[in-house]
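In: I would like the atomic coordinates for the input below:
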Amino acid sequence: MELEFDGEVWSWRGPAPYHFVTVPEDDADAIKAVSGAITYGWGMVPATIRIGETRWTTSLWPKDGAYVVPLKDAIRKAEEIELGHVVQVAVSIDV
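Out: Numbers count the residues shown, from 1 in each chain. Purely as a prediction, here's the structure:
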C-alpha cells in the first residue's frame, strides 16, 4: 500500500515530547481496512516513511480513530522541519 499526503507537524508535550503528522481520514480508513493483518500490537502499523530526501522505518500510531506518523528529532533536523510546517509524507505499508 502506497499513500502520499500533506500534513501539518504538531507536538505532544507529554512525558516524552514528540512531533507527529496526522494521516488524513480517507488514508487512515484504508490503513484500518488492512491493519488486522499487519499490526504487531496496540494497533501499531509498521511502515516506511519518506519526507523530502529522508526515508526511515517506523510504525504508525493509532490515535483518536486515525493514525499519526511520529517524527524523531533526527528526521526533523535532517529535513529542517519545524512545528507547524506542512510536509509531504509518503507512506509505504507491506500488506
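
In: Can you get me a residue count around residue 9?
Out: 20 (other Cβ atoms under 10 Å). Every residue, glycine included, has its C-beta placed from N, CA and C.

In: Could you do residue 71 as well?
Out: Neighbours of residue 71 using other Cβ under 10 Å come to 24.

In: again with residue 67
Out: Per other Cβ under 10 Å, the neighbour tally for residue 67 reads 25.

In: looking at this, it is in a helix?
Out: No. Counting by DSSP: H, G, I helix; E, B strand; the rest coil, residue 67 falls outside a helix, being strand.

In: Phi and psi next, for the residue of the chain most remote from its centre.
Out: Note on the chain: the largest C-alpha distance from the chain mean falls to residue 15, namely 19.8 Å (Cα atoms, centre = their mean). With angles defined as degrees, to the nearest 10, residue 15 sits at phi -60, psi -30.

In: Please apply the same query to residue 77.
Out: Dihedral angles (degrees, to the nearest 10) for residue 77: phi -70, psi -40.
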